[in-house]
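Visitor: Need a 3D model of the sequence below.
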Amino acid sequence: MRLRIEGVIWFWRGPAPFHFVTVPPVESEMIHEVASVVTYGWGMIPASVTVGSTSVTTALWPKDGGYIVPIKKALQDREGIGVDDVVEVVVEIDA
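Guide: Next up, the predicted model:
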């Protein structure tokens, strides 16, 4: 499954800080349909994520009935992006 989404990078200040892009509802529903086949537990969905010309492996996190995409530091540094930037994210899930 390959999805192309656009969203704003936001900051979550938990025990360790993270940056995310929220997956829109339509795409979240598409992910939910394959989640039981691809999850490795706790609702986490392994995925490859590309922003610009940089790709990383990560896992989508379930949140509020949808999913959020962690925007790793490697992506931020290589693509020169940060909080409040609007980015296009290509999410690939082996389903």
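Visitor: In this structure, spot the strand with the most residues.
Guide: strand 54-63 (DSSP state E).
Visitor: and it, which residues are buried?
Guide: Buried residues in strand 54-63, counted by 16 or more other Cβ atoms under 10 Å: 56, 58-62. C-beta: built from backbone N, CA, C; applies to glycine.
Visitor: quick check: mean pLDDT across it?
Guide: The predicted model assigns strand 54-63 a mean pLDDT of 96.
Visitor: Against which helices or strands is that strand packed?
Guide: Under the contact criterion of 3 or more Cβ pairs under 8 Å, 6 or more residues apart in numbering; DSSP states H and E, strand 54-63 touches strand 45-51, strand 66-70, helix 73-79.
Visitor: Quick check: beta-bridge partners of the residue nearest the centre of the chain?
Guide: The residue lying closest to the centre of the chain (Cα atoms, centre = their mean) is V69, at 1.7 Å. Counting by DSSP bridges, V69 is bridged to V21.
Visitor: mind listing what's buried in the helix ranked longest in the chain?
Guide: As assigned by DSSP state H, the longest helix anywhere in the chain is helix 25-38. Residues of helix 25-38 classed as buried by neighbour count (16+ other Cβ under 10 Å): 27-28, 30-31, 35, 38.
Visitor: Format these as CSV; extra columns: distance to V83 and pLDDT.
Guide: Output for these, formatted as CSV (distance: Cβ to Cβ, whole Å; pLDDT from 0 to 100):
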residue, distance to V83, pLDDT
E27, 22, 98
S28, 22, 98
M30, 27, 97
I31, 24, 97
A35, 28, 96
V38, 29, 96
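Visitor: from these, which is closest to I5?
Guide: For the buried residues of helix 25-38, the residue nearest I5 by Cβ to Cβ is E27; the value is 5.5 Å.
Visitor: Can you tell me how far that closest one is from G82?
Guide: Between E27 and G82 the computed distance is 23 Å (Cβ to Cβ, to the nearest Å).
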